[in-house]
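In: Sharing a sequence plus its predicted fold:
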Amino acid sequence: MTQPLRIGTRGSPLALAQAHETRDRLIAAHPHLAAPGAIEIVVFKTTGDRILDRTLAEAGGKGLFTKELEDALLDGRADLAVHSMKDVPTWMPDGLEISTLLPREDTRDAFFSRGGHTVDTLPAGSVVGTAGLRRQAQILERRPDLRVVPFRGNVQSRLAKLEAGEVDATLLALAGLRRLGLTDRITAVLEHEEMLPAVAQGAIGIEIRSADEATRALLAPLNCAATTARVTAERALLAMLDGSCRTPIAGLATLDGDRLHLKAKVLSNDGRQVFRAERNGSASDAAAIGADAGAEIKAVLPPDFFKS
Ligand SMILES: NCc1[nH]cc(CCC(=O)O)c1CC(=O)O
C-alpha cells in the first residue's frame, strides 16, 4: 500500500465542495487515483472558522483561513491544501507555494434582499450585512444612505440570518453560490461596474510544499493557464498596494486571447474616496501589469490612507 494523497481543507460546505472538485479533477487526470483510499480529504479548523462574531478586519487580517492548512502542509499532515484564492495572503510562507489554479468561476457578486429590492431600490436607512470592507465601501459609494453592518458566518448561515430579518440585504460571491448549488435565492447579480470583485474572487488555488515534486507533477494537468495569468495580475496589484483586509481593494483581470485587461479600485471604508487604474498588456506580462496599476494608485493615495 502506498500512502494516500492527502487533501487538506477547511470544513465549511464551500471548502468541502472545492476539495471534492479538486479530488474529481485529480481522478479525471489520473484514473488510478479513483482506487479506494488513494485520496484522503482531511479537514482542518482555521482561525477564520472559529471567529464568527467580528469582521475579518477586526479579527486580525491575514492568513485567517490559511495558516492551519499551511502548518499541516509543512509538517506533513497534508500534501496539498485547497484554498479560495481570495483568502490567500499575498506572501506565502517559506517552503510553500501555490502550484495550481483551477479554472475560475464567475467573478461577480450576488445581491440578496428581502422583498426583492435591488441596490438602487432599497429604502433609505436599510441595513446591509457584509463581512468585507470591499463590499461595504462599494455599496456606500453608490448608496451612502444605507447602513452597513458586519455579517459573518458561512454562506448558509448568512442566508438564514437574512431570512430571519437580521438584515435587509446581503452580498455573496456568485462563485461560492454556484459551487454550492445555491443560486436560486439570488435577487440580482451585480455587474463589475457596480461591484468590482475581490482580487482572485472565484479562483481555487492549490498549495503544496515547494520541494514535493511528486504532488507537483500530479497537479500539473489541472492548472488553468488563463486563470493563472489573471490571478497573477490581480495579486501583483494587491502586493503593490500592500493589501490587507483593512483596506477596500478590488481588482479584476480579463483576457481577450493573449491580451490582458486589468481594472483596479481602492476606496475609503465609507466609499467617499475612490481611486481607479486600468491597464492593458500581454498576458505574459501579467505580474508587471498588476504592479504597474498598483503603483499608479499608490502614487495618488493620501498619506496614511491605509491606516485610516
Ligand atoms: N471570504 C470568504 C469567501 N472566500 C471565498 C468565497 C466565495 C468563493 C470565491 O470567491 O472564490 C467566500 C464567501 C463570499 O465572499 O461570498
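Out: Perfect, I can see it now. Numbering: from 1, shown residues only.

In: which residues in the stretch 201-308 of the chain form strands?
Out: 204-209, 249-256, 259-267, 274-282 (DSSP state E, counting those that start in this stretch).

In: any weak-confidence spans in this structure?
Out: 1, 51-62, 243-245, 306-308 (pLDDT under 70).

In: Provide a complete list of residue ranges assigned to helices in it.
Out: Assigned by DSSP state H, the helices in the chain fall at 13-29, 47-50, 56-59, 67-74, 133-142, 155-163, 174-180, 213-219, 225-240, 286-300.

In: Can you add mean neighbour count and distance to the ligand and give the strands of the stretch 201-308 of the chain back as JSON lines?
Out: Quick note: C-beta positions are derived from backbone N, CA and C, even for glycine. Converted to JSON lines, the strands of the stretch 201-308 of the chain look like this (neighbours: other Cβ atoms under 10 Å; distance: least, Cβ to the nearest ligand atom, whole Å):
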{"stretch": "strand 204-209", "mean neighbour count": "24", "distance to the ligand": "7"}
{"stretch": "strand 249-256", "mean neighbour count": "22", "distance to the ligand": "12"}
{"stretch": "strand 259-267", "mean neighbour count": "22", "distance to the ligand": "17"}
{"stretch": "strand 274-282", "mean neighbour count": "15", "distance to the ligand": "21"}
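
In: Residue 90 is nearest to which of these?
Out: Of all these, it is strand 249-256 that lies closest to residue 90, at 10.8 Å by Cβ to Cβ.

In: Residues contacting the closest one from elsewhere in the structure, which ones?
Out: 107, 134, 138, 192, 195-199, 201, 226, 229-231, 233-234, 237-238, 241, 243, 260-267, 283, 286, 289-290, 293 (Cβ atoms under 8 Å, 6 or more residues apart in numbering).

In: ok, now which ones touch the most centrally placed residue in the chain?
Out: Geometric centre of the chain, nearest residue: residue 86, 2.1 Å, by Cα atoms, centre = their mean. The contact partners of residue 86, by Cβ under 8 Å, 6+ apart, come to 173, 198, 199, 200, 201, 202, 203.

In: same deal with residue 197?
Out: Taking Cβ under 8 Å, 6+ apart as the test, what residue 197 contacts is 107, 108, 109, 173, 250, 251, 252.

In: on that earlier part again, now distance to residue 95 and mean neighbour count too, for the helices of the chain, in JSON lines please.
Out: Converted to JSON lines, those look like this (distance: least, Cβ to Cβ, whole Å; neighbours: other Cβ atoms under 10 Å):
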{"stretch": "helix 13-29", "distance to residue 95": "21", "mean neighbour count": "18"}
{"stretch": "helix 47-50", "distance to residue 95": "21", "mean neighbour count": "15"}
{"stretch": "helix 56-59", "distance to residue 95": "26", "mean neighbour count": "17"}
{"stretch": "helix 67-74", "distance to residue 95": "6", "mean neighbour count": "20"}
{"stretch": "helix 133-142", "distance to residue 95": "30", "mean neighbour count": "23"}
{"stretch": "helix 155-163", "distance to residue 95": "32", "mean neighbour count": "16"}
{"stretch": "helix 174-180", "distance to residue 95": "29", "mean neighbour count": "21"}
{"stretch": "helix 213-219", "distance to residue 95": "13", "mean neighbour count": "16"}
{"stretch": "helix 225-240", "distance to residue 95": "19", "mean neighbour count": "23"}
{"stretch": "helix 286-300", "distance to residue 95": "21", "mean neighbour count": "19"}
